[in-house]
Structure formats: structure tokens, C-alpha cells
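Trainee: Structure for this input, please:
(chains A and B)
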There are 2 protein chains.
Amino acid sequence: MKDLKNYIESNKDRFLEELFELIRIPSISSKEEHKDDMYKAAEWIKNKLTDDGAENAEVISTEGHPVVYADKILDPSLPTVLVYGHYDVQPVEPLELWKSKPFEPEIRDGKIWARGADDDKGQMYMHFKAFEYLNSTNQLPCNVKFMIEGEEEIGSPNLGKFCQANEDKLKCDVILVSDTAMIAKDVPSITTGLRGLSYVEVKLTGPNRDLHSGLFGGAVANPINILCEMISSLTDENNKITIDGFYDDVIEIPQNERAEMAKAPFSLENYKKALDIEDVHGEKGFSTIERTGIRPSLDVNGIWGGHTDKGAKTVLPSEAYAKISMRLVPNQDSQKITELFEKHFTAIAPKSVKVEVDFLHGGEGYSAPSDTSEFQAASKAFEDTFGKKAIPVKSGGSIPIISLFEKVLGVKSILMGFGLESDAIHSPNENYPVDNFLKGIETIPYFYKHYSEMKK
Amino acid sequence: MKDLKNYIESNKDRFLEELFELIRIPSISSKEEHKDDMYKAAEWIKNKLTDDGAENAEVISTEGHPVVYADKILDPSLPTVLVYGHYDVQPVEPLELWKSKPFEPEIRDGKIWARGADDDKGQMYMHFKAFEYLNSTNQLPCNVKFMIEGEEEIGSPNLGKFCQANEDKLKCDVILVSDTAMIAKDVPSITTGLRGLSYVEVKLTGPNRDLHSGLFGGAVANPINILCEMISSLTDENNKITIDGFYDDVIEIPQNERAEMAKAPFSLENYKKALDIEDVHGEKGFSTIERTGIRPSLDVNGIWGGHTDKGAKTVLPSEAYAKISMRLVPNQDSQKITELFEKHFTAIAPKSVKVEVDFLHGGEGYSAPSDTSEFQAASKAFEDTFGKKAIPVKSGGSIPIISLFEKVLGVKSILMGFGLESDAIHSPNENYPVDNFLKGIETIPYFYKHYSEMKK
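Mentor: As a prediction, this is how the structure comes out:
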């Protein structure tokens, strides 16, 4: 790659300035009040892709937030790489925990601090700049398409339809995505598995109004107490999920594969230290890496009810709520799991409360083999720039759209992530090391090179 | 009582207008921002008691909100009744459930709708007007003292000290309180028991920051899940509280007394209908009346953690909180129970989380015999105005100060309540039937009369 390092070195301040412009648009997809920001971000991306040399750039409306498409078709006979990314970000609460404002990016200690710094504005933007380099230096070895959506953080509810409606336009040989993490700083990895997701909200109603906890306490079901009992019963003493049929489609990973996974560099001590916990907690019989990589899980993502303000209000509340999500392994069907959950949760409720279960979002897991050209190309690219082989890892996260791409477009994805676990994505103080951002821009062109050569 | 009914009839509009003035002062004791309103309410009461004929009225500062004192001493040899009430009210959230504004009292369907309409501004104010009548018509048969506090809803943290410091000033033969409910409309009752209270706030900390529930879910303890498990384990399958030693000081009520309690008019069908619940829920082996009257209970009054806003944020939160209160029966010591709770709750926490338990407030239960002059006087007074005998009942509520009065001042209290269970105290749409308000003003003078005659 001619002058790649020099190109990055002499342009890096501009790269960061451009990324900061995008980060400053508070494109929180889950919040109605940011609807205009979604369009603003999409327009910005369309213009930037055009500036970077892409053609046919357009902002395409969906029933939700728009998708940005652009491409550079050199020759239909060349292989085509479709770059997927997302410009939407997670909410930023609790705001008081941020050390700098989430939408006013700052560089401190060599890291970019802002919502979206990593997930996914920072990682997505590496692709724009890698493309800019290849295109402006006439080194682009293949066709490139961009599909940048604005609803990843809310489960990509409209991207399936979009892919179906635009199947021809999106035709490609592989989908390239940077929305995952490396196993550790300077230890490149390729994500070969993702978990699926079923995310619900439950509501329990006890008495028809808030009651005085003295006059009624002990005689009337308190929906918070009942909700706690019901949630507690969803896992057993071995931290296995008790929902009937939950594990039916979970494929047990063979011992040799588990032994292979165990070779990945991982220090339980460092993990606990980084999180300031005395002990980890999970399904009996599985290691920490296995618990997120090859096993499903159930987490309460939010809970609320009764008096949550200061002081000691003696209320026996009428209602209690929780948001509960289950991470699923590839062979589990998210819709089936949602149905099993609803059935089970309704069945375990005592007669003294009413239960509602609302589906919020979901998606399927994904599994990618390591014997494909894209895996080999990505692996070589990492070796070119990091000087070491990438480690295949199964991530605990979910990118539901990856399995949808396979289903709708019939194409596998290659997940080249440059994030770090310490990037605090979805949390206050999200950050992304400038080094990782630049290393990504440096590595991506090698993927294009190796992949195109292999596909010749 | 000369012209009592006429007096009430011809003054009732003024009585209500005066009460409304007091209700309009939003004297929420638990909220710092209402500090000035507390003084405003106290001043209003001082002036009103003076208008009504009391002497020596003063607003007395404490470390918290002030106490109002006033008296009318006819002759030191006469018996002295001390009227206790409170001018502070509960918070009003959730505001959206109120049909009219909480501090803008309205009369609809024969009821006063407002925060404090019953608890305790409405019930307290009956005493002012009963006193006004007796004093202005020269029929006061005994000495009267008033002690009106502003911290009942936050556990009267400074009234114990106040009583100790003012022992001489507060010297009396009996304390008269209207801060409880009648068993049903037109069924007068005298509260012969109150429950004690231990109210704590707990905080669980898992990882040191909010985590992505995909990348970490299943491997790191989620403090909400753990909190639910811990809360759930506080009661067993018979809804008995599992805290070690919790029942040690609970006195089992003999079967004959329970049989007597069972005679009180109570319809389980109506109870369930009024609350719109399919079933009641409580300690096995006890009736609904017993569950609140003679048995302790444990309620979560509030719970919060993680993402409680709209949408599906996939967070594994760092912290989870709950407010938990236990209602205690007379022989249980609230401080001991708080200590048992803290010890137990800390002990059951897994190593994967950190636990904090903060004491918010507490107080002792109370038991009043029915063979005293005050009980007989109250009973006769009810008979005079309702035409039927009052039923002795054990209330599930707590007025911690009542047991403190006995301890510090050595005086028993008589609890003549005129509220109804449907008054929704501590809830949105608190209300108080105008009839009950007026009936209270009519009944109280008879108590003074009978009590003074008995004490002669």
C-alpha cells in the first residue's frame, strides 16, 4: 500500500475533525425528540461519502430513520464489498456520570471521549477514510458499496424490508462490518459468532391504585415484591434459565472447540479488576468467555416502581415494571424465545396481579466459519498491520442485522472490529483510542487488497 | 351539647374554606424545596388556634420542621386533654394520576379532593373547630393543649426530643388523635393497635460502570437480577418473612381474641372489588384483617435501576436500589428489626455485588386497652353521634409517635379516626367525605364531655 502510513499521518487531524462533526449530531435513534438529528446525520454522511469519492449517494427514507447508500463501481466483473455501519447511537443517561459532555467529543489520554466515539460512528468512519485513501490514490482493487443505517441501536426494525426492496442494488460478495471489539489492545480478533436477542418489557398491576403500605401491607400483593419473585424464579441456583423450552435449540459446543476457545488470551483477574468486582457470576459449568460466547443469558436491563424519589414514602404501589432481555445463541429463534418467555412469565404470575408482556425488539444470532476467503483476507490484513494473527472469537453482543443479511441477501459478513472492551459503549464515558481509529484506517485497505486477490 | 348541630350547620362553609386555606399550603415534609411551606403552614396554624380561642400559641423550632403549641387552661385541677395532629403531608407523585390538582382542594361527590384532605389536615382541623365551638359557647369542660407537628410523614424524627424538652408544658391526662380510619362509612371504630415500622433503602453495586448487556450478560452479576433474588428470598412460600430472628418478639394473639376480631364487619368480596384484585396475598394461616392488624409485613415501597426510560437500551447496570419497609407488631423493637434486616440482607448478598443498607425511618407499634376512661369516653361519644357502638380495631398503619408519647410523657393516646379506607391517603386523589369532616366536629365535643365527667 503506497504511502498509506504517510497518508494517515498527514491527514489524521482532519480525519478526527470530520469524525467529531458527525459525533456532535446527537443521533439517538430511540428518542423521538432526535428525529431531526437522524436526518441531519444521514445527510452529513451522504455528503461525506460523496466528498470521499463515492457515487450515487442518497438518503433513502424508511418507515423509521433513513438509510444512506453510496457506491463506487469500477467494473462489474470485480468482486464487490458492501460496507455496513450505523450512524445512530445509544441514549446517554445517566448524564451525571459523564466526565465530558457526550456530544462534545474531546481527546484525553489518547482517547476520543463521546457517545458514538466507538459504537459505531468511530468504527464506521474508518471505512470512509480507508475508502478515501484507496480511491484518491487510484488503488481501489474492487467495487465498494456503502449501506449506513440509523436504527441499529433499536434493533434495525426497517433494514430487513430495505434489503428486500433493494436486493439488486445491494448485490455484493461480502459484507464488511466494524462494530465489534478486539480481544485486547494490540490483539486483533475476528468475530465468528454473535448472540441473538429477545428484549421485552413487563408490567405488573396489583391494586387499582397506590395504597398505604401500613393499612394494606401484608394483605394485598405488592407488584414490586411479586415482580422480584417472578424475575428471581427465571434463573435457578445454577444460573440456568428456567423458562420452559428455553434451551431446546441451544447447540452444545463440542469439548474440542471449547478447549480451542480456552486458548484465547484472557485473564480472569484482570477482568474482575477492570470491573471492580470480587467475583464473576454466571451459568454453572461454563467459563466467563463461554458464558458470553456460546451460552444464552437473561438480564434485567431496567426496573422501576413505587417511590423512587428521596425520602420514605410508605406506598404499596399499584404497578411495577421491568425491561428484560435474553441473549440467544445462533440456533435459537428469537421469536420463539419471546413467545416462550411470555407464556412462562404469564403462567408464573399469582392471581393477585395482572401481567402484560410487550415485545420491544429482537434478532437472531450469527455464526461465521473461519475457512472463507473473507476470513483469510481479514486475517492477513490484521497480520500486515499488527504483525500478528487475528484470533477468532465468539462475541456476546448482538448485531441482529448480520443474520438478516445472510437470510435476505444470501451473503456472509466479515466482522473486523477495532473497539476495546474498555470503550464503555452503551455506558457513560464511551471512548475510542485514537490509535485504534487510525489502525483501523490502516488495516482496512489491506482487506480489500487480499480479498480481491483471493477472489480473482 | 347546646346547639352543636346548628352551630356546625351554620358554620360549615366557613370551616371548609378555612381548611382549604391550609390545604393550599403544599407542606410536604420530605422535600427540601417545601421548607418555607412548612413554616407557612405552622404560622397559619398558630394564628388559627389563637383565633379559635387558644392561648400561648407559638411556633417552636426543632432541628427539622417546627411544632405548633397552644393551650387553654381553665383550671389546673381539671383533666387535661392534649390534641396531637400533623400539618405535613405526603408527596403527591405520580401527579398525572390526580383528577384535580393536589393542592387545589375541590368538593366533588360530597368529598374534599386534595393531598391532606384526610391525612391529617382534614382530621386535625376537626379538633380546631370542635374546640372553637366549646370555647365560644363556654362549654369547655377541661383543659386543652394542642401539639401539631410537621414531620409525621417522615417519621417524627424530632418530636421525641421536643417532648423530652417540653415535658412540663405537655403534661396531660390523655392524648387525643384523629389520624386513623373508621372501619367503614357510618361504622365508628377506635384504633386499639398500631404497627411499628422499619424503613430502609438498599443499594447494590455490581460492576463499576454500566456495561453492554450483550458483551457482559451472563458473565457478570447484574445488580437488578441479584436485588430481585435477594428481595424474593426475604419471604418464603407461605409469605413468612425469612430474616433470622424476625418473629422472635412477635406475640401470638390467642384464639379467642382472633375470634373476636373476626366478628368485625368485613367483606372480602367488597375488599377485592374495591381494589380490583382477583385475590388477596399474605401470610398463610391468617385472615386479611389479621394480616394487617396483628402480623408484621414486608413491602418494597420503591425499586429502580438501569434503563427506565422508553426504548430498549441493552445495559447491564452498575447499580440497583430499593426502598423496603417492614411493619411491626407492638412487641417488636424497630431498631432491633432494622439491625436484623441489615445483617441478613448483607449476609445473603453474593460476593459478586456490594451492598449498602441505609436506615430511613422507624418507630414502635402501639397497643391500647379498651378498659380505660378514654376508650369508654370515646365509645360513648361515637354512640351519641352515630347511634352505635364503636368497634375496637387494630390498624395496620404506624403512628410511631404514639408509642413515643407513652414512653416519654407516660400518657396513653386515644385514636378517634374519622377517615375511610377509600380516602386514598398517601395516594393520588386523596379525599375526605365532607360528612365525615362534619361528623368529627360533632363527635369530638362529646369526648371532652364524657372524659371530663369520668375523670371527676
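
Trainee: CA atoms for contacts and neighbours, from now on please.
Mentor: Fine.

Trainee: Just give me how far stretch A:448-456 sits from the chain centre.
Mentor: Mean-position distance between stretch A:448-456 and its chain equals 28 Å (CA atoms, centre = their mean, to the nearest Å).

Trainee: Can you mark which positions in that stretch are buried?
Mentor: By neighbour count with 16 or more other CA atoms under 10 Å in any protein chain shown, stretch A:448-456 contains the buried residues A:448-452.

Trainee: mean confidence for it?
Mentor: Averaged over stretch A:448-456, pLDDT sits at 95.

Trainee: returning to what we had before: list the ones among the buried residues of stretch A:448-456 that fall in helices.
Mentor: Residues of those located in helices (DSSP state H): A:448-452.

Trainee: Show me which residues of the stretch 301-450 of chain A sit near chain B.
Mentor: A:301-308, A:310-317, A:322-323, A:325, A:327, A:351-353, A:360-361, A:395-398, A:424-428 (CA under 8 Å from any CA of the partner chain).

Trainee: which ones among those are found in strands?
Mentor: Judged by DSSP state E, the subset of these located in strands is A:301-306, A:315-316, A:322-323, A:325, A:327, A:360-361.

Trainee: Export those as CSV, with columns for neighbour count and pLDDT.
Mentor: As requested, those are exported to CSV (neighbours: other CA atoms under 10 Å in any protein chain shown; pLDDT from 0 to 100):
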residue, neighbour count, pLDDT
A:Asn301, 29, 98
A:Gly302, 26, 98
A:Ile303, 28, 98
A:Trp304, 24, 98
A:Gly305, 24, 98
A:Gly306, 27, 97
A:Val315, 26, 93
A:Leu316, 33, 97
A:Ala322, 27, 98
A:Lys323, 28, 98
A:Ser325, 29, 98
A:Arg327, 31, 97
A:Leu360, 18, 93
A:His361, 21, 88
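
Trainee: Of these, which pair is most distant in space?
Mentor: Farthest-apart pair in these is A:Val315 and A:Arg327; separation 34.5 Å (CA to CA).

Trainee: What is the nearest of the ones in strands among the residues of the stretch 301-450 of chain A next to chain B to B:Asp51?
Mentor: For those, the nearest to B:Asp51 is A:Val315 (36.2 Å; CA to CA).

Trainee: Could you give the bridge partners of the closest one?
Mentor: A:Val315 has these beta-bridge partners by DSSP bridges: A:His212.

Trainee: got it, and the one 10 residues further on?
Mentor: Here A:Ser325 sits in beta bridges with A:Tyr199, A:Asp299, as judged by DSSP bridges.

Trainee: Unless I'm misreading it, it sits right up against A:Val200, doesn't it?
Mentor: Yes - in terms of CA atoms under 8 Å, A:Ser325 counts as a neighbour of A:Val200; the distance is 6.1 Å.

Trainee: residues touching the residue lying farthest from the centre of chain A, list them.
Mentor: Here the centre of chain A is the reference, and by CA atoms, centre = their mean the most remote residue is A:Leu215, at 47.4 Å. Neighbour list for A:Leu215: B:292, B:395-397 [criterion: CA atoms under 8 Å, 6 or more residues apart in numbering or on different chains].

Trainee: and it, that one's in a helix?
Mentor: Yes - the assignment for A:Leu215 by DSSP: H, G, I helix; E, B strand; the rest coil puts it in a helix.

Trainee: Quick check: it vs B:Glu201, distance?
Mentor: 21 Å (CA to CA, to the nearest Å).

Trainee: now swap in A:Gly397 and tell me
Mentor: Taking CA to CA, one finds A:Gly397 at 33 Å from B:Glu201.

Trainee: And the average pLDDT for the helix or strand encompassing A:Leu82 is what?
Mentor: Taking DSSP states H and E as the definition, one finds A:Leu82 inside strand A:80-86. Average pLDDT, strand A:80-86: 98.

Trainee: now do stretch A:224-240
Mentor: Summarised as a single mean, pLDDT over stretch A:224-240 is 98.

Trainee: Now look at it and say if it contacts chain B.
Mentor: Yes - counting by CA under 8 Å from any CA, chain B is contacted by stretch A:224-240 at A:224-229, A:231-233.

Trainee: From those residues, list the buried ones, please.
Mentor: Here, 16+ other CA under 10 Å leaves A:224-229, A:231-233 buried among these.

Trainee: Count the residues that sit near A:Asn270.
Mentor: Using other CA atoms under 10 Å in any protein chain shown, A:Asn270 has 10 other residues around it.

Trainee: any idea how far it is from A:Asp276?
Mentor: Taking CA to CA, one finds A:Asn270 at 9 Å from A:Asp276.

Trainee: per-residue confidence averaged over the strand or helix carrying A:Ala130?
Mentor: Per DSSP H and E: A:Ala130 is located in helix A:121-136. For helix A:121-136, mean pLDDT is 98.

Trainee: circling back: ok, A:Gly397 and B:Glu201, which is more surrounded?
Mentor: Higher neighbour count among A:Gly397 and B:Glu201: A:Gly397, with 25 against 22, using other CA under 10 Å.

Trainee: Now do the contacts for that one.
Mentor: Counting by CA under 8 Å, 6+ apart, A:Gly397 makes contact with A:194-196, A:327, B:212-215.
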